[in-house]
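> What would the 3D arrangement of this be:
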Amino acid sequence: MNNQSDANFVYASPPCGAVKGRAERGMKVFLGIPYARADRFCLPERARWEGTFDATRFGECCPQKRAYADESVYSPFYYREFREGVGFRYGEDCLVLNVYAPARGENLPVVLFVHGGSFFKGSADERPFDGEEYCKRGVILVTMNYRLGAFGMLSDDSVPFNLALHDQFSALEWVHDNIAAFGGNPDNVTFAGQSAGAISVQIHALRRETAKYAARVVMMSGGGFLGGLFAPHDQKYAVRFAKKVVAAAGVKDFDGLRKLDAEDLFKAWQRAFDGSLTAQIAVLPCMDGVLASRENYDRFDDERQLPALFGVTGKDIAPAIMRRAVKKYAERSSADCYGYIFDLPLAGGGKKGAWHSCDLWFAFGTLSRSWRPFAAEDYEASRRLADAVCSFASRGVPASDGRAWVKLPEKFEVFSPPRR
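Prediction:
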């Protein structure tokens, strides 16, 4: 490992190029590292550079609605929950990742995390995402940005479908090829995600190629099998929606979208999205025959699968259906599967119960970064969940308080209020 450090900065020399990060809180923190470059509507290409890249601040996140409108007005709950007070930078040069590594250690397990946001919003620099607690447990955390909405999930079949998924897989390849320079083990990488990130990870997990780069997967609020839930849709929906975006932009054809500036493209996409009944489907991954194929789903029972850890919240999106979907996956998988139900209601107002994505605070051990008045029992639940995720990433079996979790479909681990 070729690293050197002084009191304030740390350096690493991965194959992609040298990087300069920050020494803080017992970690080596490298922010905004380019893992790929991509022109608009093009596949990602590996990023390499000469000299030393300054990785001391977050990079750009993909242009999205909050870049052009006041999120505190149109989405006040999630704005206050995850993004209030955070300054974001937006741009199409958004294929960047962040590495949080323990100050010392080699051959450490790695978690690569894909954020959620319905494939048209979100970023890796939101408030719950931080690697301090994982580093304390000897695990490297990598978080990433990828193209969204108009920039990552738009195609009329003249350009590749599912560019967001191509970005994610490119980040996974980057981790495999470069993480040793940060103290990580490229053969012990857990590919993880939440909501749209979990849907993405499942699509990747069903491909044979992914097993070359990931040892196991984590899917929080977005994995499982049941009646097509979480499965990619037909390309025709994406093509129809792309035509609506072209019309909304006032250009001649899809190629005309390349010439728009980012704001004009996004706003044309938003107009089409707001007026389309099928838009919610169209912005989800489709069966492109490359990353997402019917063959991958059909041969699931005959292929060796990756070990998986699932999470569902108590008030998740269709929680009963999601639990059944997870159990169905576990029943069919050849690999060990585990799952938890997070049912702790969060104090402080807003949505009631354990709402979709609330477990992020607990899984990353970042309760202190929230505005909520978390109590001792919340911190205890967070410790247990972070322990379990890191144990799974390290050894393939989630464990907390010295006890290994029971496999699915026999039992979910339940995080619920303590009995009074």
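> what about residue 168, neighbour count?
28 (other Cβ atoms under 10 Å). Heads up, the C-betas are built off the backbone N, CA and C, glycines and all.
> Following the chain onward from the host helix or strand of it, which element is next?
Using DSSP states H and E, the element containing residue 168 is helix 163-178. Downstream of helix 163-178, the next assigned helix or strand under DSSP H and E is strand 184-194.
> what's that next one packed up against?
strand 108-114, helix 163-178, helix 196-205, strand 216-220, helix 376-395 (3 or more Cβ pairs under 8 Å, 6 or more residues apart in numbering; DSSP states H and E).
> how about stretch 144-159: buried residues?
144-156, 159 (16 or more other Cβ atoms under 10 Å).
> Could you dump the residues you listed into a markdown table and include secondary structure and distance to residue 289?
Formatted as a markdown table, these follow (DSSP: H, G, I helix; E, B strand; the rest coil; distance: Cβ to Cβ, whole Å):
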| residue | secondary structure | distance to residue 289 |
| --- | --- | --- |
| 144 | strand | 24 |
| 145 | coil | 26 |
| 146 | coil | 20 |
| 147 | coil | 20 |
| 148 | coil | 22 |
| 149 | helix | 22 |
| 150 | helix | 23 |
| 151 | helix | 22 |
| 152 | helix | 18 |
| 153 | coil | 16 |
| 154 | coil | 18 |
| 155 | coil | 13 |
| 156 | coil | 16 |
| 159 | coil | 15 |
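> now for those residues, which pair is the farthest apart?
Spanning the widest gap among these are 144 and 156, at 26.8 Å by Cβ to Cβ.
> pLDDT averaged over stretch 175-188 - what is it?
On average, the pLDDT along stretch 175-188 is 98.
> for stretch 43-50, same thing?
97.
> Of all the helices and strands packed on strand 184-194, which one comes closest to residue 265?
Of all these, it is helix 163-178 that lies closest to residue 265, at 13.7 Å by Cβ to Cβ.
> what angle do the closest one and strand 184-194 make?
Calculated by axes from the mean of the first three to the mean of the last three Cα atoms, to 10 degrees, helix 163-178 forms an angle of 160 degrees with strand 184-194.
> would CSV of the helices and strands packed on strand 184-194 with distance to residue 413 be doable?
Shown next, in CSV, are these (distance: least, Cβ to Cβ, whole Å):
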stretch, distance to residue 413
strand 108-114, 18
helix 163-178, 27
helix 196-205, 17
strand 216-220, 13
helix 376-395, 7
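> Can you measure across stretch 128-139, start residue to end residue?
17 Å (Cα to Cα, to the nearest Å).
> Repeat that for stretch 212-228.
27 Å.
> Check stretch 209-219 too.
Terminal-residue distance, stretch 209-219 (Cα to Cα): 18 Å.
> Identify the residues contacting it?
The set of residues external to stretch 209-219 that reach it, using Cβ atoms under 8 Å, 6 or more residues apart in numbering, is 111-112, 169, 172-173, 175-176, 187-193, 198-199, 201-202, 204-205, 223, 304, 306-311, 389, 392-393, 396.
> Now the buried members of those residues.
Buried by 16+ other Cβ under 10 Å: 111-112, 169, 172-173, 175-176, 188-193, 198-199, 201-202, 204-205, 223, 306-311, 389, 392-393, 396, out of the contacts of stretch 209-219.
> follow-up on the earlier one: from the buried residues of stretch 144-159, which is closest to residue 406?
When these are compared against residue 406 (criterion: Cβ to Cβ), the nearest one is residue 144, at 31.6 Å.
> now the closest residue to that closest one other than its chain neighbours, what's its secondary structure?
Spatial nearest neighbour of residue 144, chain neighbours left out: residue 97 (4.1 Å); criterion: Cβ to Cβ, 6 or more residues apart in numbering. With DSSP: H, G, I helix; E, B strand; the rest coil as the basis, residue 97 sits in strand.
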